[in-house]
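> A predicted structure for the sequence below; I have some questions about it.
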Amino acid sequence: MAGLVEVPCKPCKGTGSLERRGPQLNAGMYEPCPFCHGSGSTLQQGAGCIASTIMWIILGFLVIAIVGGVALRALGIIGAPETNVLPEANAPVEAGGYSVGDCVANAKATPQIVACDQTHDLEVYGLARVDLPTGEAFPGDDVLHAFADRACEAAFEEYVGSDIRSTSLARNSFTPNAEGWAKGKRDVACTVSEHKLSELAPVAGSLRGSKR
């Protein structure tokens, strides 16, 4: 038969249409034998078998890429993208004067602490204090935001109960500006909220322990 080469049949390890051989790669996947079952006691090699082999090779590369990416991210070589972070301009809340668990309404204009079962914009899940002397020059927004990111990440999982990199909630941090810094303000507030695109979405009820 044109395009096919008959070779002696070999016992097949398994029930699939491909003989399985070689080391186990991952999750029950094996390197496929380059022969397809034919009729009787022969194995036939042809276009269909080649296509199947190519498919298995592609699947193998996909598995390696996925496993490798997870490993690199776990080692910190590849960082997770920052998601669900609202622009700070959306909610001009000052860091000082709040406690963990406070819910804040009217955050865009005149922020007010309200009971969390009332409609509110933000919920404070963490507080931190910048460890620099009062007389120290303003370090700049980038330095303070980097400090807040580290402090807030550590507090998020404990308060909400989910990984900050996979949460569906919006999170933000509020740091002193240059004027506040000159007045001795050193507090950082970490907040969490519902969101719709880049806008705050009012919510009633606490997000503590929501695991979202």
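Arrived safely, thanks for sending.

> wasn't residue 113 part of a helix?
No - Residue 113 sits outside any helix when classified using DSSP: H, G, I helix; E, B strand; the rest coil, being strand.

> relative to residue 119, how far out is it?
Applying CB to CB, to the nearest Å, the value for residue 113 to residue 119 is 13 Å. Backbone N, C-alpha and C define where each C-beta goes, glycine included.

> quick one: common contacting residues for the two?
residue 105 (CB atoms under 8 Å, 6 or more residues apart in numbering).

> enumerate the positions of stretch 138-151 that are buried.
For stretch 138-151, the neighbour count (16 or more other CB atoms under 10 Å) marks 139, 144, 147, 148, 149, 151 as buried.

> counting neighbours, what do you get for residue 181?
20 (other CB atoms under 10 Å).

> for the one 10 residues further on, same thing?
Residues within reach of residue 191, counting by other CB under 10 Å, total 26.

> who does it form a beta bridge with?
Beta bridges link residue 191 to residue 124, residue 172 when assigned by DSSP bridges.

> quick one, what contacts it?
91, 93, 104, 122, 123, 124, 125, 171, 172, 173, 174.

> hang on, the earlier thing: taking the buried residues of stretch 138-151 one by one, which sit in strands?
Residues of those located in strands (DSSP state E): none.

> surely residue 119 touches residue 205?
No - assessed by CB atoms under 8 Å, residue 119 is found out of contact with residue 205, at 9.6 Å.

> first to last residue in stretch 175-193, what's the distance?
The separation between the terminal residues of stretch 175-193, taken as CA to CA, to the nearest Å, is 17 Å.

> what of stretch 160-175?
21 Å.

> likewise for stretch 104-113?
Termini of stretch 104-113 sit 5 Å apart (CA to CA).

> please work out the average pLDDT along that stretch.
On average, the pLDDT along stretch 104-113 is 82.

> which positions in that stretch come out as buried?
104, 105, 107, 111.

> just put these in JSON lines and tack on distance to residue 162.
Converted to JSON lines, the buried residues of stretch 104-113 look like this (distance: CB to CB, whole Å):
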{"residue": "104", "distance to residue 162": "21"}
{"residue": "105", "distance to residue 162": "24"}
{"residue": "107", "distance to residue 162": "22"}
{"residue": "111", "distance to residue 162": "25"}
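
> strands - which of these land there?
Per DSSP E, these map to strands at 104, 105.

> ok, so of the buried residues of stretch 104-113, who is nearest residue 190?
residue 104 (12.3 Å; CB to CB).

> contacting residues for the closest one?
Applying CB under 8 Å, 6+ apart to residue 104 gives the contacts 93, 98, 111, 112, 113, 114, 120, 121, 122, 123, 124, 191.

> distance to residue 180 added to those, as TSV?
Conversion of the contacts of residue 104 to TSV gives the following (distance: CB to CB, whole Å):
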residue	distance to residue 180
93	12
98	14
111	15
112	19
113	19
114	24
120	23
121	21
122	18
123	22
124	17
191	17
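
> what is the nearest of those to residue 210?
residue 123 (10.0 Å).

> neighbours around the closest one, how many?
Neighbour number of residue 123 under other CB under 10 Å is 25.

> give the rounded mean pLDDT of stretch 181-199.
80.

> show me what counts as buried in that stretch.
Buried, per 16+ other CB under 10 Å, within stretch 181-199: 181, 185, 186, 187, 188, 189, 190, 191, 192, 193, 194, 195.
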